[in-house]
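**Student:** coords please:
(chains A and B)
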Amino acid sequence: MSAPLLGQGIIKGLVETARNFIGSYVNKDRLVTVQYPEERLPQQEAARNFPFLVYDGDDSQKGLRCVACLICEKECPPQCIYIVKDTVRKPDATGKLQFQPKVFDIDTSVCMSCQVCVEVCPFDAIKMDVEYELSTGDRFGSLLLRKAQLAKANQYYHKIHPAEAAEVDARLGAEKARAEAKAKAAAAAKPAAGAKPV
Amino acid sequence: MIATPESSQYELRPKRLADGSVQGDLLEVSMGPQHPSTHGVFRMDVVLDGERVVKLKPVFGYLHRNHEKIGENTTYLGSMPYTDRLDYFCSLTNNWAYALAVEKLAGLQPPERAEYIRVIAAELTRLQNHISLVGFLLQDMGAMGTPLMYAFREREKILDLFESLTGARMMCNYMRFGGCRCDLPPGWLEQARQVADEFPRFLDEFEALLSENEILLSRTQGVGVLSRELAVNASITGPMLRASGVNYDIRKVDKYGIYDRFSFRVPLGEHGDVYDRYMVRILEMRESLKILQAALREIPEGLILDPKAKLRGFRPKPGEVYGRIEAPKGELGFYLISDGSPKPYRYRVRPPSFINLTILEDLCLGHHVADVVIILGSVDIVMGEVDR
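**Tutor:** Now for the predicted structure:
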């Protein structure tokens, strides 16, 4: 291939740069930057960062959906979850006696936001948060989130993932209704079928 | 040509050749691992005679993090998020390669819709990998900032698509054995179509910017020539192999997934130099767009996960399997041995950029030290994958 005029390619490229430069004043497509702390892009529904624990009702500790079944601890690929199961059953938000975690820690300096804990949780108790401004002053203590810091209300879950939360609520409601119907039908049979954690 | 130093201790004094002529001082330079042109923590021990490269020894392992051993110690599902971190530019194709291997092992068949989603995700990944590679390559060449920023502007649109689909921009962790994790969010297909429709305009612009630039041509043509024979013997794969004129694309050879339904051409280079490697990638993006547009047009409704697939307590039958796909950088393969337990007995990755890197010395010998940077850039390495 023979260039007809030396430097033509360079000029062609510069014209392109000029088009982008001038275009950035008139065309929204060419000016894509966002002035971050003042201006923020809307959060995506699917966005995920670190996990949190969902609670129902008003009490953030009693109302936890988590029943300390330890599945997430076992499945977590980087092993960042640490759970100690309580020895006695306590009433949860609906008043049903459940095991609850005595300790539930997530080390966010180890967590890789993979969402495996959310997928394996059979109780819809752990979900992904979208909070992203999480810098702390030290490397260890503040990045280890305790149960009290992790517990967040179901309303908050509805706020950050509306479609997903509605689906979860519908599913839990249906399960509950089914369980109640079953319990009513077999009133004499042994109570609390299906409460056995794996 | 020039005598290479016999021992590992390079002599730093004039070297007398057999014919009595005196060579200049040989100088050993350690390039990297913090140098921005080395694409991560990669170091090269370069022995220079003046400006010319006499010997080059790649040194890697700075980013080694036991990927394969971790794979043997976590469940099959637990390795999926780790595969994101192999080639962190193309997590979706890594997911696919691993899912393909496990699906072969367990005899799962992803539903139609999941296959289409996979093709769409993989081609988007290819687009954003190639566009950022080309941007980085031009940056290495001295086209400071402009092409890279234009490339990243387009890449951002694709990353936004990934975020609304998978929840993460880079560490997607999206595919599962027997399908995908979640269905497309509402309106995603329209967004993807819009990106696919606008991309060719950007490619035209990008090519007008630099493809005919005289400086680019003289910097790249005839530099780092990889011969057909060496490419095949060194088991080079991907765009680098095709730039040397070997027609080998696993999407055509294996027809994995549903690639037999799409018509696309495999762009081939002629000379195997840096320019061909650059051009093959540009042309490959145009072919990817064809696949992408066809897939976005034809995607059916339906399930996204094989109903037989199990998330927890997944135990494939004993056996061994090798699953491979055409990742943007070349053949990405996962070799798994199952002993029937929830963890693989052996988990091995065939990383394309690691194997493509092995011939770096052959490409660089006799070239200027400034060319080493662009030759390395044209190989397209990601240290996450090389060191694993």
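**Student:** For the top strand by length along chain A, what is the distance to the chain centroid?
**Tutor:** Longest strand in chain A, counting residues (DSSP state E): strand A:101-107. Mean C-alpha position of strand A:101-107 versus that of the full chain (CA atoms, centre = their mean, to the nearest Å) differs by 16 Å.
**Student:** Would you map the strands across chain A?
**Tutor:** Going by DSSP E, chain A shows strands at A:51-55, A:81-85, A:90-91, A:97-98, A:101-107, A:126-128, A:144-145, A:151-153.
**Student:** quick one on the thing from earlier: is the longest strand of chain A up against chain B anywhere?
**Tutor:** No - against chain B, strand A:101-107 shows no contacts by CB under 8 Å from any CB of the partner chain, the least distance being 15.4 Å. The way it works is simple: take the backbone N, C-alpha and C, and place the C-beta from them, glycine included.
**Student:** Residues in a beta bridge with the most centrally placed residue in chain A, which ones?
**Tutor:** Chain A has residue A:128 as the residue nearest its centroid, 0.4 Å off, counting by CA atoms, centre = their mean. As for beta bridges, residue A:128 partners with residue A:51 under DSSP bridges.
**Student:** Would you mind confirming that it is in contact with residue B:168?
**Tutor:** No - applying CB atoms under 8 Å as the test, residue A:128 and residue B:168 come out as separate, 10.0 Å apart.
**Student:** Now do the shared contacts for these two.
**Tutor:** Common contacts of residue A:128 and residue B:168 (CB atoms under 8 Å, 6 or more residues apart in numbering or on different chains): A:47, A:48, A:113.
**Student:** Not counting its neighbours along the chain, what's nearest residue B:108?
**Tutor:** residue B:178 (3.8 Å; CB to CB, 6 or more residues apart in numbering or on different chains).
**Student:** try residue A:134
**Tutor:** residue A:108 (7.2 Å).
**Student:** contacting residues around that neighbour?
**Tutor:** A:50, A:80, A:134, A:143, A:144, A:145.
**Student:** got a list of what the residue positioned nearest the centre of chain B touches?
**Tutor:** Among the residues of chain B, the one closest to the centroid is residue B:329, at 2.2 Å (CA atoms, centre = their mean). By CB under 8 Å, 6+ apart, the residues touching residue B:329 are B:87, B:90, B:129, B:238, B:239, B:352, B:353, B:356, B:380, B:381, B:382, B:385.
**Student:** Without its sequence neighbours, what residue ends up closest to residue B:27?
**Tutor:** residue B:48 (4.9 Å).
**Student:** The one you found against residue B:56, yeah?
**Tutor:** No - if you go by CB under 8 Å, residue B:48 and residue B:56 don't touch, sitting 9.6 Å apart.
**Student:** picking up where we left off before, ok, now how distant is the residue nearest to residue A:134 from chain B?
**Tutor:** Distance of residue A:108 to chain B, given as CB to the nearest CB, to the nearest Å: 15 Å.
**Student:** and what of residue A:158?
**Tutor:** 17 Å.
**Student:** List the contacts of that residue.
**Tutor:** By CB under 8 Å, 6+ apart, residue A:158 lies in contact with A:165, A:166, A:169.
**Student:** returning to that earlier point: and the residue nearest to residue B:27, what does it touch?
**Tutor:** So residue B:48 contacts B:26, B:27, B:28, B:29, B:54, B:369 (CB under 8 Å, 6+ apart).
**Student:** Return the mean pLDDT over the host helix or strand of it, rounded to an integer.
**Tutor:** If you go by DSSP states H and E, residue B:48 is part of strand B:43-49. The average pLDDT within strand B:43-49 is 84.
**Student:** Kindly report the same for stretch B:138-156.
**Tutor:** 83.
**Student:** Give me the buried stretch members for that stretch, please.
**Tutor:** Within stretch B:138-156, the residues scored as buried using 16 or more other CB atoms under 10 Å in any protein chain shown are B:138-141, B:143, B:146-148, B:150-155.
**Student:** same thing with stretch B:354-364?
**Tutor:** For stretch B:354-364, burial by neighbour count (16+ other CB under 10 Å) applies to B:354, B:355, B:356, B:357, B:359, B:360, B:363, B:364.
**Student:** go on, stretch B:44-64?
**Tutor:** Applying 16+ other CB under 10 Å to stretch B:44-64 flags B:44-49, B:52-56, B:58, B:60, B:63 as buried.
**Student:** which one of those is nearest chain A?
**Tutor:** residue B:63 (15.6 Å; CB to the nearest CB).
**Student:** about what we covered before: which of the strands of chain A sits closest to residue B:162?
**Tutor:** strand A:126-128 (15.7 Å; CB to CB).
**Student:** tell me what that closest one is packed against?
**Tutor:** Applying 3 or more CB pairs under 8 Å, 6 or more residues apart in numbering or on different chains; DSSP states H and E, one finds that strand A:126-128 makes contact with strand A:51-55, helix A:116-120.
**Student:** Mind listing residues that contact stretch B:178-187?
**Tutor:** Applying CB under 8 Å, 6+ apart, the set of residues contacting stretch B:178-187 is A:45-46, A:115, A:119, B:103, B:106, B:108-111, B:114, B:117-118, B:164-166, B:173-175, B:303-306, B:308-309.
**Student:** Which of the residues you listed are buried, as a PyMOL select command?
**Tutor:** Filtering the contacts of stretch B:178-187 down to the buried ones (16+ other CB under 10 Å) takes a single PyMOL command:
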select buried, (chain A and resi 45+46+115+119) or (chain B and resi 103+106+108+110+111+114+117+118+164+165+166+173+174+175+304+305+306+309)
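**Student:** Could you tell me which of the contacts of stretch B:178-187 belong to strands?
**Tutor:** residue B:175.
**Student:** which of the residues in the longest strand of chain A are buried?
**Tutor:** Across strand A:101-107, burial judged by 16+ other CB under 10 Å covers A:101, A:104, A:105, A:106.
**Student:** got the angle for that strand vs strand A:81-85?
**Tutor:** 170 degrees (axes from the mean of the first three to the mean of the last three CA atoms, to 10 degrees).
**Student:** Show me the contact partners of strand A:101-107.
**Tutor:** Outside strand A:101-107, the residues that reach it (CB under 8 Å, 6+ apart) are A:50-51, A:53, A:64, A:66, A:68, A:80-87, A:143-147, A:150.
**Student:** rerun at 10 Å
**Tutor:** Residues from elsewhere that reach strand A:101-107, judged by CB atoms under 10 Å, 6 or more residues apart in numbering or on different chains: A:50-53, A:61, A:64, A:66-70, A:72-73, A:76, A:78-88, A:117, A:125-126, A:140, A:143-151.
**Student:** Name every strand pairing with it and say which way it goes.
**Tutor:** strand A:81-85 (antiparallel), strand A:144-145 (antiparallel).
**Student:** Do a quick rundown of the helices in chain A.
**Tutor:** Along chain A, counting by DSSP state H, helices occupy A:8-26, A:71-75, A:116-120, A:147-150, A:154-160, A:162-185.
**Student:** on that earlier part again, got the CA positions of the longest strand of chain A in PDB?
**Tutor:** Output in PDB follows, covering the C-alpha atoms of strand A:101-107 (Å, rounded to 0.1, in the frame of the first residue of the first chain):
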ATOM      1  CA  PRO A 101     -26.600 -16.800  65.500                       C
ATOM      2  CA  LYS A 102     -24.900 -15.700  68.600                       C
ATOM      3  CA  VAL A 103     -22.000 -14.400  66.500                       C
ATOM      4  CA  PHE A 104     -22.200 -13.500  62.900                       C
ATOM      5  CA  ASP A 105     -19.100 -11.800  61.500                       C
ATOM      6  CA  ILE A 106     -18.200 -11.000  57.900                       C
ATOM      7  CA  ASP A 107     -14.700  -9.900  57.200                       C
END
